[in-house]
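Chemist: Quick check, what structure comes out for this input:
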Amino acid sequence: MRIGITGHRGLTADIEHQVRQLLEEALRAEDPAELTGVSCIADGPDAWFAEAVLRRGGRLEAVIPADEYRDGLPEWHHPTYDQLLRRASEVHRTGMVESDEAAHMAGSEILVGLSDRLLAVWDGLPARGYGGTADVVAYAERFGVPVQVLWPRGATR
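Modeler: Numbers count the residues shown, from 1 in each chain. Here you go, the predicted structure:
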């Protein structure tokens with residue numbers, strides 16, 4: 001089972017705690033020997049999901065939207081990003097250089113294409129920019145990839 005992740009970044013510590021629990025619950029029934037997580041490993045749900053997959057004994061595949069992607073992530077996340085990238089069994093690249101909205105959406109399209117199911121840490125609202133979580137969910141739904149939305153009850157961004 002290949003499970004992809006998309007989700008909102010910049011969540012509060014309280015929401016992070018709840019989302020981490022939801023991710024663990026979503027993975028609980030998966031056989032670690034058959035589990036592959038697909039993630040762009042950005043700060044937030046992407047990295048939390050990747051860590052949860054690896055903790056369970058699953059495999060991680062990373063999708064890199066652009067050559068400059070890491071540079072656009074918060075500096076405090078770089079050590080986690082680097083560690084997760086080193087632990088990835090496969091790395092998929094878009095071939096794009098600039099880390100912009102188009103590259104992020106292209107990376108998400110690759111991620112969805114690799115996934116049997118998509119977990120979406122999503123508040124249900126429209127994307128704040130092209131390639132946001134809502135766009136990735138809509139893309140997955142158009143291509144028949146089942147989406148499981150994970151959002152803490154009552155939480156807001």
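Chemist: Report how many residues lie close to V121.
Modeler: V121 has 26 neighbours, counted by other C-beta atoms under 10 Å. (Glycine included, C-beta is placed from N, CA and C.)
Chemist: Nearest residue to it in space, please, no chain neighbours.
Modeler: G7 (2.9 Å; C-beta to C-beta, 6 or more residues apart in numbering).
Chemist: Contact partners for the closest residue to E34 other than its chain neighbours?
Modeler: Leaving out its chain neighbours, the residue that sits closest to E34 by C-beta to C-beta, 6+ apart is M1, at 5.5 Å. Going by C-beta atoms under 8 Å, 6 or more residues apart in numbering, M1 touches E30, D31, E34, L35, T36, D116, R117.
Chemist: ok, now with 7 Å
Modeler: By C-beta atoms under 7 Å, 6 or more residues apart in numbering, the residues touching M1 are E30, E34, L35, D116, R117.
Chemist: got it, and P152?
Modeler: With contact set as C-beta under 7 Å, 6+ apart, P152 has these partners: I15, Q18, V19, L22.
Chemist: Give me the average confidence score over whichever strand or helix holds the first one.
Modeler: Going back to what we said before, that points to I15. Using DSSP states H and E, I15 sits in helix 13-27. Averaging pLDDT along helix 13-27 yields 97.
Chemist: helices or strands up against that helix?
Modeler: Helix 13-27 is packed against helix 45-55, with contacts defined by 3 or more C-beta pairs under 7 Å, 6 or more residues apart in numbering; DSSP states H and E.
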